[in-house]
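Asker: Here is a sequence with its predicted model. Questions after.
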Protein chains: 2
Amino acid sequence: MKSAVPSDLESYLAQNDARIHDELFEFLRIPSVSARSEHNADTARAAEWLRQSLEKAGMTARIHPTSGHPIVVGEWRGAPGAPTALVYGHYDVQPAEPLDLWTSPPFEPTVRDGKIYGRGSVDDKGQLFLHVKALEAHLATRKTLPLNIVLIAEGEEEVGSANLERFISENEELLKADVAVISDSAMFAPGQPSILSSLRGLAYFQIDVQGPICDLHSGSYGGAVVNPAMALARILSTMHDENGHIAIDGFYDKVRVWEPRILEQMRKLPFDEEDFRKDIGVSKLGGEKGYSVLEQLWARPTCEVNGLFSGYTDEGAKTVLPAKAMAKVSCRLVPDQDPAEIEKLLDAHLMRVAPEGVTVTVTHLHGGRPWRAELDGPVYDAARRALKSAFERDAVIVGEGGSIPVVGDFERILGTPVLLVGFGLPGENAHAPDEWISEENFRKGMSAMAVLWDEYGRNGKP
Amino acid sequence: MKSAVPSDLESYLAQNDARIHDELFEFLRIPSVSARSEHNADTARAAEWLRQSLEKAGMTARIHPTSGHPIVVGEWRGAPGAPTALVYGHYDVQPAEPLDLWTSPPFEPTVRDGKIYGRGSVDDKGQLFLHVKALEAHLATRKTLPLNIVLIAEGEEEVGSANLERFISENEELLKADVAVISDSAMFAPGQPSILSSLRGLAYFQIDVQGPICDLHSGSYGGAVVNPAMALARILSTMHDENGHIAIDGFYDKVRVWEPRILEQMRKLPFDEEDFRKDIGVSKLGGEKGYSVLEQLWARPTCEVNGLFSGYTDEGAKTVLPAKAMAKVSCRLVPDQDPAEIEKLLDAHLMRVAPEGVTVTVTHLHGGRPWRAELDGPVYDAARRALKSAFERDAVIVGEGGSIPVVGDFERILGTPVLLVGFGLPGENAHAPDEWISEENFRKGMSAMAVLWDEYGRNGKP
């Protein structure tokens, strides 16, 4: 397996490097935070910016309104008879809070030590944009592509993609493709190109505990009233047993054990648990006993608190018995767990452990199915060659603890196999302050994706 | 025991009722929130307003700076040979949040249905101010008082009175008195004057749980890291057993059982647990099993969560594994529990239950000793007569679940017995939105306190 990036594409990307960076920074400056309604205009602006960028790259592009944030679709169909590839990304970003923990402002992209810092730099604007530029490299230098391309970018990935599944179902003709390619994940290590074989799914919910009708004086009432915050703590403490196993009845029933060949490959990966521990700055790692860290992250489900709120949380002391308490909780799921089934198990568990004297309400905020790749066929071969040509190293097969729910949608609705090839890196702070993407990975990612179309166009089944 | 409010005092208070109300409203409009440094200027303004009000009432008054908020002291010493009474109150107020739950703005006093709504109306500006006006009634109508008076008002009661104990110790000569009178509590029921026989103490602390150095993506890291919010929930769940008993080793060792005569009197009070439950709007009451509600509130200690915070708590879903979690927790204490001892027991408990993989820090924010009254002697007799004259009903002896730490300080440092006679009412929302004081109680409270000085001046030991 020997390959190199064709010189015309290479030259184009090199010569336009400064402009491409400027354009990326423009994209990153738009605070398209899908979770916050006050940013709705920004999110719409990001969609329009992307549409224009696709047109400039040589494609036709349209904005499709939804009941939430719009979907942008770009097309180039100048290769009749050749295969069609569907590229997916998202132009919305996570909220940037807590703002005081950012070294430079989240929406003012800044380069430090070869890293582009900014909200959305790696998740997913940077990785979406490198696809746009890889396509532009073909269309600008050769005025053609070796296959047909449909690019779809949504604006609701960070809030559960409420409108995407329906859009895919209603636009099967538009989106039908031989393969889908998504870059919204990380490489295993710097310089080590990686192909993703698994994703975890998600069941995200909110627990609201209502006690008295209003906040009470903790002296005048304390001792006779069930404290909603204490009740919430007791509820949350029932979610795991003492070995870190999730203590919800039936939770593990559908968990599929990984095939030995993937487990074996995983165990060979150069992963140092001690380095991982030091990087995140904890005295000891945790989680489910009896599993390695990579197994915990890729092959095992979780149940995590994402947020807690109750009563008085500002400076000083307020002697209040709070009227209510809230927790945001989410479970990462693995094949073959089903988010809808897990929601039911959670509801049953919470109703069982809810104490008397408070009212416990569960709201399911969103869910996504877990996924496992096939890893065989022309697109995987093409990806291995493309990654090798850009990174000069063989790709490894890795898992991923995060969720990309659209992967399951593409396979189920369109019958399209999915290739996940991402250019983030460990420590990229995807949902945290100081999110970044490596400049080198951004550049090599463009090259690799430009080569992918050559390789797949040549070898893919029409 | 037959008495009535002397007609000169009665007339003065009636004729000046509108002006007195206007002045009270002026006082309530000053947002003297001691817990918030952004209100420091307001808190200082409230002290100066009070000083001027004391001067207008015919006393001499001075502001004593402290390292925190100032202490205001008013004096009238025109009755040599007669006893001296010390009146205590506080001009600072609790934070008003959550603001959206107030029917009218917290710092714009508003009368509805015979209640004056506003932050500080009952706790404690309204009750402090009725003392000022009772003294004014004497000095305006008779140009004298039947005893010597020292009035002390602090601005840090709601944040633990950090400077009060020292001020008392350093000003024994100024504050020395035969009796201290405090109105910072509630009557048992409308129309039912009450003398307080007990107060609970307080040990207020904050638990901070630190996990990873920064917020992490719950997909990429979830499953291998101890979640600080989940750890906090597990810690809090160890504070009680399943019967609502506090499960901290040694916590109950110093709890004194109430004398039979007080318990018997308490059991005769017309208290309907079902009404209490309905008033606070819960389906079932809680707390320590085996005790009546009044015992739970007055005679038993508690451990309550006052606030919780971790991770993402805004609109929507953010898949974050939080770096840290925080709880504000406080224990109400009963005689003879000692806050300093309880702090040590808490520290030991928290260190014992703190899980590996996170760092647990405990900060003790403030503490106060519990208290039990003597209930005998000339000031109690005078109080019974004064309350009867204003309310036309015999006073009852009650307990109180809240804390007034200064009571213990007066007894310990000055050797002065304390009379607690308050004019709040059940449901007054002292630390919650829509705090109020009854207009009737405000008026009768002024009358009763004006009579108290006649009765005690006549019968108190010099």
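Answerer: Now that the structure is in, tell me what you want to look at.

Asker: which phi and psi does the residue in the stretch 1-150 of chain A that chain B sits nearest to have?
Answerer: Here the residue of the stretch 1-150 of chain A nearest chain B is residue A:35; by Cβ to the nearest Cβ that distance is 3.6 Å. Every C-beta, even on glycine, is put in place using the N, C-alpha and C of the backbone. Main-chain torsions, residue A:35, degrees, to the nearest 10: phi -70, psi -20.

Asker: so what's it up against?
Answerer: Shown in contact with residue A:35 (Cβ atoms under 8 Å, 6 or more residues apart in numbering or on different chains): A:94, A:95, A:158, A:159, B:314, B:315, B:316, B:317, B:318.

Asker: Buried ones among those residues?
Answerer: A:94, A:95, A:158, A:159, B:316, B:317, B:318 (16 or more other Cβ atoms under 10 Å in any protein chain shown).

Asker: quick one, phi/psi of the fourth one?
Answerer: Main-chain dihedrals, residue A:159, degrees, to the nearest 10: phi -120, psi 20.

Asker: Now do the contacts for it.
Answerer: For residue A:159, the contacting residues are A:34, A:35, A:68, A:92, A:366, B:316, B:317, taking Cβ under 8 Å, 6+ apart as the criterion.

Asker: now, which of these lie within strands?
Answerer: Counted as lying in strands by DSSP state E, out of the contacts of residue A:159, are residue A:366.

Asker: and the contacts of residue A:159 as a markdown table, adding distance to residue A:175 and pLDDT?
Answerer: Shown next, in a markdown table, are these (distance: Cβ to Cβ, whole Å; pLDDT from 0 to 100):
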| residue | distance to residue A:175 | pLDDT |
| --- | --- | --- |
| A:34 | 21 | 97 |
| A:35 | 26 | 95 |
| A:68 | 18 | 97 |
| A:92 | 19 | 98 |
| A:366 | 22 | 85 |
| B:316 | 27 | 87 |
| B:317 | 26 | 89 |
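
Asker: Okay, and the beta partners of residue A:196?
Answerer: Note on residue A:196: beta-bridge partners residue A:398, judged by DSSP bridges.

Asker: Quick check: the gap between it and residue B:450.
Answerer: 81 Å (Cβ to Cβ, to the nearest Å).

Asker: circling back: can I get the contacts of residue A:35 in TSV with distance to residue A:184?
Answerer: Listed next are the contacts of residue A:35 as TSV, based on distance: Cβ to Cβ, whole Å:
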residue	distance to residue A:184
A:94	13
A:95	18
A:158	11
A:159	15
B:314	23
B:315	23
B:316	19
B:317	17
B:318	17
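
Asker: Is residue A:433 in a helix, a strand, or coil?
Answerer: coil (DSSP: H, G, I helix; E, B strand; the rest coil).

Asker: wait, doesn't it sit right on residue A:106?
Answerer: Yes - contact status for residue A:433 versus residue A:106: in contact at 7.5 Å, counting by Cβ atoms under 8 Å.

Asker: So what's the residue count around residue A:204?
Answerer: When counting by other Cβ atoms under 10 Å in any protein chain shown, one arrives at 27 neighbours for residue A:204.

Asker: and which of the contacts of residue A:35 is nearest to residue B:175?
Answerer: Distance to residue B:175, by Cβ to Cβ, is smallest for residue B:314 among the contacts of residue A:35, at 49.0 Å.

Asker: Hmm, residue A:94 and that closest one touching each other?
Answerer: No - Residue B:314 lies out of contact with residue A:94 (Cβ under 8 Å); the separation is 11.7 Å.

Asker: Now do the same contact list for the residue lying closest to residue A:270 once chain neighbours are set aside.
Answerer: Nearest non-adjacent residue to residue A:270, counting by Cβ to Cβ, 6 or more residues apart in numbering or on different chains: residue A:189, 7.1 Å away. With contact set as Cβ under 8 Å, 6+ apart, residue A:189 has these partners: A:270, A:425, A:426.

Asker: pLDDT at residue A:326, what is it?
Answerer: pLDDT recorded at residue A:326 is 98.

Asker: Can you show me the strands along the stretch 201-350 of chain A?
Answerer: For the stretch 201-350 of chain A, applying DSSP state E, counting those that start in this stretch gives strands covering A:201-210, A:216-217, A:304-311, A:320-321, A:324-333.

Asker: Need the winner for burial among those.
Answerer: Of all the strands of the stretch 201-350 of chain A, strand A:320-321 carries the top mean neighbour count, a mean of 30, counting by mean count of other Cβ atoms under 10 Å in any protein chain shown.

Asker: so where is the stretch 251-400 of chain A shaky, pLDDT-wise?
Answerer: Scanning the stretch 251-400 of chain A for pLDDT under 70 picks out nothing.

Asker: Pull the number of nearby residues for whatever residue of the stretch 301-450 of chain A ends up closest to chain B.
Answerer: Nearest residue of the stretch 301-450 of chain A to chain B, counting by Cβ to the nearest Cβ: residue A:402, 2.9 Å away. For residue A:402, the count of nearby residues is 24 (other Cβ under 10 Å).

Asker: Just confirm it is within a helix.
Answerer: No - assessed by three-state DSSP, residue A:402 does not belong to a helix; its assignment is coil.

Asker: Just give the nearest non-adjacent residue to it, would you?
Answerer: Residue A:402 sits nearest to residue B:219 (Cβ to Cβ, 6+ apart), 2.9 Å away.

Asker: what's near enough to touch the one you found?
Answerer: Neighbouring residues of residue B:219 by Cβ under 8 Å, 6+ apart: A:200, A:202, A:332, A:400, A:401, A:402, A:403, B:319.

Asker: Go through the residues you listed and name the one nearest residue B:276.
Answerer: For the contacts of residue B:219, the nearest to residue B:276 is residue B:319 (42.0 Å; Cβ to Cβ).
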